[in-house]
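A.B. asks: Model the following, please.
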Amino acid sequence: MRLKYIKLAGFKSFVDVTKVPFPHQMTCVVGPNGCGKSNVIDAVRWVLGESSAKNLRGDAMTDVIFNGSSARKPVSQASVELVFDNSSGRIQGEYGHYAEISVKRVVTRDGRSDYYLNQTKCRRRDITDLFLGTGLGPRSYAIIEQGMISRLIESKPQELRVFIEEAAGISKYKERRRETEQRIQHTRTNLERLLDVRDELGKQLEKLQRQAAAARRYKELKAQERTYKAELNALRWLALENQAEHLRAAIQQQETELERWIAEQRGSERGTIELREQAATTKEQLDQIQQRFYQLGNDLTRREHELQTAQQQQQHRQQRQTQLQDELTQLHQRLQQDQEHYQELRMQHEQVEPELAELAQQVAAQQAEFDQAETAWLQWQEGYQRHLDAQQQQREAQQQVQMQHQQLTFQLQRTQDDVARLAQELAANLQQQQQLTATTTHQPLQELQQRHDALQQDIDANRAAAARAEQSYEQGLQQRDQLQQRKQQLLGRQTSLQHLLEAAHAKDWPAQVQAWLQAEQITPLGQVRELLRCTPQWQFAIEQIVGAWLDAWVLEQAPAHWPDCLGAKLVVLQAEAGPADSFAAHVQGPLQRWQLLSDMQWTDSAQWTLPLPAQPTMNSAGQLWSQSGYQAAQVAATDSQLAQQQELLAVEAELASLASEAEALQLTLADYKNQLGQLQQQQAELQHAYRECAAQLASQTEKQQWQQQQLAELQARQTQLEHQQAELVEQRELLQLQLLEVDERLTDMVAAEHETPADDWQERREQLLQTRQQARMLVEATQRQQQQHLLQSQQLQSQAQHAQTLIERTQQQIEQLQEQLAQLQSPDESAAEQAELLVLQIEELLQQREQVDEERREWANRLSDIESQLRELSSGSQGVQQQIDKARARLQSSQMELATLQERSRHVLAVLEDMQQPLKPVLEQLREDATEAAWQHELERLQQAIQRLGAINLAAIEEADVLAERKTYLDQQHDDLTAALETLETAIRKIDRETRQRFKTTFDAVNAGLQELFPKVFGGGSAYLELTDDDLLDTGVTIMARPPGKKNSTIHLLSGGEKALTALSLVFAIFQLNPAPFCLLDEVDAPLDDANVGRFCRLVEEMSATVQFIYISHNKIAMEMASHLAGVTMQEAGVSRLVAVDIDEAVALTEAS
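C.D. replies: Predicted structure coming up:
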């Protein structure tokens, strides 16, 4: 099996269809750098299934497509085809009977990649399977690049093992083993699932038999439970109605009692107001006196603190003097020690300096001797190199002239053939242009393109409009659901608030008060609850104050006489609003002039510290402080009528707003739905028209582009051929002249060749090396001694400088301490005078404070008498208020209880309605002796019986039949999977046994081949392979090589050329065992010198008898070895072309001429 040719089109720089033939066993691809030679290697790697763009020198797989040049546009796809000669039957299996096998890969700009086998579309895996065991693959040992040489030598043991496996042909076994392991894993997973399902089905079958018997019992008990539950709810409804009647009567009695206590409270409020005014005046005078008393106390404390500070400063000065004298003595001692140490260091440094000078003279003398020896050695090297260069230049010049003569002869013959060929091609090209021009259509595409663009814009606009309409419609539906949900919540809350307020306002408007107002012709401003507008923060506190007055009517002025009817409550407004520190400031409207709010002050504090306030004061939580004491809120915040009333108004307003929003939203939804239907119909019509127009446009565009492309290519080819013809004629004449000149030069070189005389270069070299080495050793020894003395001198100098710094620092500290001691010893008379003045001021302040304290006690006694009188009045008023609060609390509790009973009654009716059991038929069928306790007991008995049955499956019998049938089927599957698992495990053991045997045999053969080839390549030395583990299935492989004369411990110590030859020896050893159909070498001879290139060429030529070699090289020796030269040129920038030469045919032609 061998590679016949490669066909490239649009692949990297090969934009035109290019066929690269390989007619012989050794083909050399040559050309300048950057012309696209390596793209041939990349094409082979790519078509064999390479999936990494990085290994193809790109960022994405589409980078292999020709991307355009300065004169050419990018193409839309790239394709590479390999054609193999399989006449020997190397490929086995399905394609083994084909004499010729074609492998092709095509990639397009959209990233789509297709594979073809003999022009039939296939998978990438089919390509991989085809070459398994042959040594071919995208990353096999058959494709060797220059960088791969170092990777092969420096690869990990497991990576090197892959090459041995490929040579052993066990890659297909590993693939089959991997697939078999996957099947075993899937089979075991399925078997585990099957066992779980079988166990579960068995348990279910056992349960279903018990459940079928329980199902019938369950139905009977549920029917009885339904009857008893309906009758029990009817009994509860009757009991709730009886309780509600009794509660309504109790509420009427509680309302009468509350009104009696409110009338008694008004009589005690007038006396309290007068005493509070006297207490406020007395408290103001007492606060002024007490403020003076506190101020005198603060002044006295400040003077005493100043006196104590002055005394402490005097004591601190004396302690500091003693401390400074001790520190001064210590510094004098330290200064003396530092001066002695400094003198000792100076003496040591002066002893070292003469020794340094002497060593410097010795180094200078020895360095001069070494420089003379070094100069003599360099002169010898230059002379010897000139001698070698002259000999090499003479040989190379003669070889170049001989090669130039052969090339010129061959080029002259090829140029003459090309001139004749171009003439024929020019005539054929001109004829094709004339035919294509006659058949080219010129139908304009502008109209179709405009229609196509217009339809595309209409489709995009329609699609965007439909998306917006659909989104708006969905948002509208969600909004409608949210509105409906919010409406149900608000309706429920509205009903609850209405019930609570109706219960609280049952007697808001007695008939006697209405008759009295009409008789007096008085028009009230309204009720307090209607006129009361306050900030939310103070709403709860204000309701605590005016709780009993919420039903009262507000009048601008007092009537001529007051009504005496039961339930009459009137509020008379003052002329002016209350002060800013009263609760009147927290309301809006006419109630700012209500005296009840003006008399109550407000505070932000949550607690009140003593003394108690002169006027009643309340915070936002309803807590009250007064001279009488403290009172907490009497009504819970949840029972606030004001809050309930404001919440009811807000709920009603929100319900009205929701109704209008729902109506507008319904109209909007209908519009959206109609609009969406119209847009969808338009979209379908536009899509149909667009597809028809696109098909016409594509067809017409493709046809015209093909014709224009063909014509442009023919015209470009015509120009190129004419230019080439002129160049070839000129080149032919030039080659004839050059050939005559080369013949003359070659004759002169042969006549002038002579032998180079021998000399004593080697003997002179040994003498100079010995003299140079002795001089270097003397210089290095003296320099080390000099460095030691220099280091000692620097250390002594550094220590002396440090000692000098310490001496200067100690002297500065002594001077500073002497200055501080002098300052502390100076007398300070002003401190004593200041202390005496402070003593006199303290005595005077003590006398003033005693006088003010006596006056403060006198005013405090007066305030205590007034507060005593207020407490007596407040005690009686507080008892009345407590009775009012208790009566109001009992009334509100009864009202809430009644609302609860009514809600429970409605809930019972709702339960009966959900059960589809109307109340009237249930009451008619109810037995006379039925009681709630007896029916509840019977219902619990039935429910317990149902609970004892547990979970009931009413379809148990039918499910049991289905599960039994399914279990039989699963049993059969279990037997099949068990047998399959045994078969797969047997296959795995067979594959492992075969793999071990093949790997061991191949490893031994490759190791023997390496040991045989390595000495041939290096002219000696040894190399061998080693296994890293005893397990032949997982062991890695390492390589050890020692060229002649070297005993390196690792292969990484070899040079680049030695590594390259070692890697080639390994690869060729593998080829001897399992030769791939062909071998690609990409500049692997680059790191080798001429001698090693010669050995490499001889080895390749020897192996070419069994292996087809295709290699890229810049080395002339490697080029001479090839039977066929394939030259890659880039005459047109960015475009690679092929020029092929059959060397054997060219030599035969030259000899014949």
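
A.B. asks: Show me how the record splits the chain into domains.
C.D. replies: What automatic domain parsing lists as the domains of the chain is 1-142+1115-1153, 533-635.

A.B. asks: Gln290: which of those domains is closest?
C.D. replies: domain 533-635 (10.5 Å; CB to CB). The C-beta positions use only the backbone N, C-alpha and C, and glycine is treated the same way.

A.B. asks: Reformat the domains of the chain as CSV; add mean pLDDT.
C.D. replies: As requested, the domains of the chain are exported to CSV (pLDDT from 0 to 100):
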stretch, mean pLDDT
domain 1-142+1115-1153, 85
domain 533-635, 70
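
A.B. asks: right, and these - which one's nearest Tyr342?
C.D. replies: domain 1-142+1115-1153 (70.0 Å).

A.B. asks: which residues in the stretch 501-650 of the chain form strands?
C.D. replies: With strands called from DSSP state E, counting those that start in this stretch, the stretch 501-650 of the chain shows them at 526-527, 533-534, 553-555, 570-572, 587-588, 601-602, 617-618, 624-626, 629-631.

A.B. asks: Make TSV from the ones you listed and add mean neighbour count and distance to Leu711 to it.
C.D. replies: Putting the strands of the stretch 501-650 of the chain into TSV (neighbours: other CB atoms under 10 Å; distance: least, CB to CB, whole Å) gives the following:
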stretch	mean neighbour count	distance to Leu711
strand 526-527	16	100
strand 533-534	17	93
strand 553-555	20	104
strand 570-572	18	108
strand 587-588	17	93
strand 601-602	18	100
strand 617-618	21	103
strand 624-626	21	107
strand 629-631	14	109
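
A.B. asks: Please convert those to CSV, extending it with distance to Leu873.
C.D. replies: Below are the strands of the stretch 501-650 of the chain laid out as CSV (distance: least, CB to CB, whole Å):
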stretch, distance to Leu873
strand 526-527, 31
strand 533-534, 29
strand 553-555, 28
strand 570-572, 23
strand 587-588, 28
strand 601-602, 19
strand 617-618, 18
strand 624-626, 11
strand 629-631, 13
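
A.B. asks: Which of those sits closest to Phe84?
C.D. replies: That would be strand 533-534 among the strands of the stretch 501-650 of the chain, by CB to CB, at 100.1 Å.

A.B. asks: Neighbouring strands - and their directions - for the closest one?
C.D. replies: Note on strand 533-534: by DSSP bridges, its sheet partners are strand 587-588 (antiparallel).

A.B. asks: Residues touching the partner strand, excluding its own?
C.D. replies: 532-534, 542, 594, 597 (CB atoms under 8 Å, 6 or more residues apart in numbering).

A.B. asks: Kindly confirm whether my reading is correct that Leu1032 touches Arg996.
C.D. replies: Yes - here Leu1032 reaches Arg996: they are 4.4 Å apart, a contact under CB atoms under 8 Å.

A.B. asks: for the contacts of strand 587-588, which one is nearest Arg890?
C.D. replies: Distances from Arg890 to these, taken by CB to CB, are shortest for Ile542, at 22.9 Å.

A.B. asks: Around Leu117, how many other residues sit close by?
C.D. replies: 18 (other CB atoms under 10 Å).

A.B. asks: show me what contacts it?
C.D. replies: 95, 101-104, 126-127, 130.

A.B. asks: from those, which is closest to Glu854?
C.D. replies: Nearest member of the contacts of Leu117 to Glu854, counting by CB to CB, is Ile127, at 118.4 Å.

A.B. asks: Okay, and the closest residue to Arg764 other than its chain neighbours sits in which element?
C.D. replies: The shortest distance from Arg764 to any non-neighbouring residue, by CB to CB, 6 or more residues apart in numbering, is to Trp380 (6.0 Å). Element membership of Trp380 [criterion: DSSP states H and E] is helix 171-439.

A.B. asks: What is that helix packed up against?
C.D. replies: Other helices and strands packing on helix 171-439, by 3 or more CB pairs under 8 Å, 6 or more residues apart in numbering; DSSP states H and E, are helix 641-752, helix 761-825, helix 830-914, helix 919-925, helix 932-949, helix 956-1018, helix 1143-1152.

A.B. asks: between the ones you listed, which one is nearest to Val363?
C.D. replies: helix 761-825 (5.0 Å).

A.B. asks: what angle separates that closest one from helix 171-439?
C.D. replies: Between helix 761-825 and helix 171-439, the angle comes out at 100 degrees (axes from the mean of the first three to the mean of the last three CA atoms, to 10 degrees).

A.B. asks: ok so, going back, can you list the contacts of strand 587-588 in TSV and add distance to Pro918?
C.D. replies: Converted to TSV, the contacts of strand 587-588 look like this (distance: CB to CB, whole Å):
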residue	distance to Pro918
Leu532	46
Arg533	48
Cys534	49
Ile542	49
Trp594	54
Leu597	54
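
A.B. asks: Can you tell me which of the residues you listed is nearest Glu447?
C.D. replies: Arg533 (76.2 Å).

A.B. asks: Can you name the residues that contact the closest one?
C.D. replies: 587-589, 591.

A.B. asks: Which members of those are the farthest-apart pair?
C.D. replies: The largest separation in the contacts of Arg533, counting by CB to CB, is between Gln588 and Leu591 at 8.1 Å.

A.B. asks: just to revisit the earlier point, and of the strands of the stretch 501-650 of the chain, who's closest to Gln770?
C.D. replies: strand 601-602 (114.6 Å).

A.B. asks: which other helices and strands contact the closest one?
C.D. replies: Strand 601-602 is packed against strand 617-618, with contacts defined by 3+ CB pairs under 8 Å, 6+ apart.

A.B. asks: Show me what the strand it packs on packs onto, helices and strands only.
C.D. replies: Packed against strand 617-618 by the contact rule (3+ CB pairs under 8 Å, 6+ apart) you find helix 536-546, strand 601-602, strand 624-626.

A.B. asks: Count the residues that sit near the closest residue to Glu652 other than its chain neighbours.
C.D. replies: Counting by CB to CB, 6+ apart, Glu652 lies nearest to Gln494, which is 6.8 Å off, once chain neighbours are set aside. Residue neighbour count, defined by other CB under 10 Å, stands at 16 for Gln494.

A.B. asks: Tell me how far Gln494 lies from Gln479.
C.D. replies: 22 Å (CB to CB, to the nearest Å).

A.B. asks: ok, back up a step: tell me how far the residue nearest to Arg764 lies from Glu374.
C.D. replies: 11 Å.

A.B. asks: circling back: filter the contacts of Leu117 down to the ones in strands?
C.D. replies: 101-104 (DSSP state E).

A.B. asks: between those residues, which has the most around it?
C.D. replies: Busiest of these [other CB under 10 Å] is Val103, holding 24 neighbours.

A.B. asks: Quick one: residues contacting it.
C.D. replies: 47-48, 81-82, 84, 115-117, 127, 130 are the contacts of Val103 under CB under 8 Å, 6+ apart.

A.B. asks: Quick check: bridge partners of it?
C.D. replies: Beta-bridge pairing of Val103 under DSSP bridges involves Leu82, Leu117.

A.B. asks: For Val1107, give its distance to Ala1063.
C.D. replies: In terms of CB to CB, Val1107 sits 16 Å off from Ala1063.

A.B. asks: Which one's more surrounded, these two?
C.D. replies: Neighbour count, other CB under 10 Å: between Val1107 and Ala1063, Ala1063 has more, with 24 against 20.

A.B. asks: Ile1051 versus the more buried one, what's the distance?
C.D. replies: 10 Å.

A.B. asks: Common neighbours of those two, please.
C.D. replies: In contact with both Ala1063 and Ile1051: Ile153, using CB under 8 Å, 6+ apart.

A.B. asks: Give the burial count for Trp516, as a bare number.
C.D. replies: Count around Trp516 with other CB under 10 Å applied: 19.
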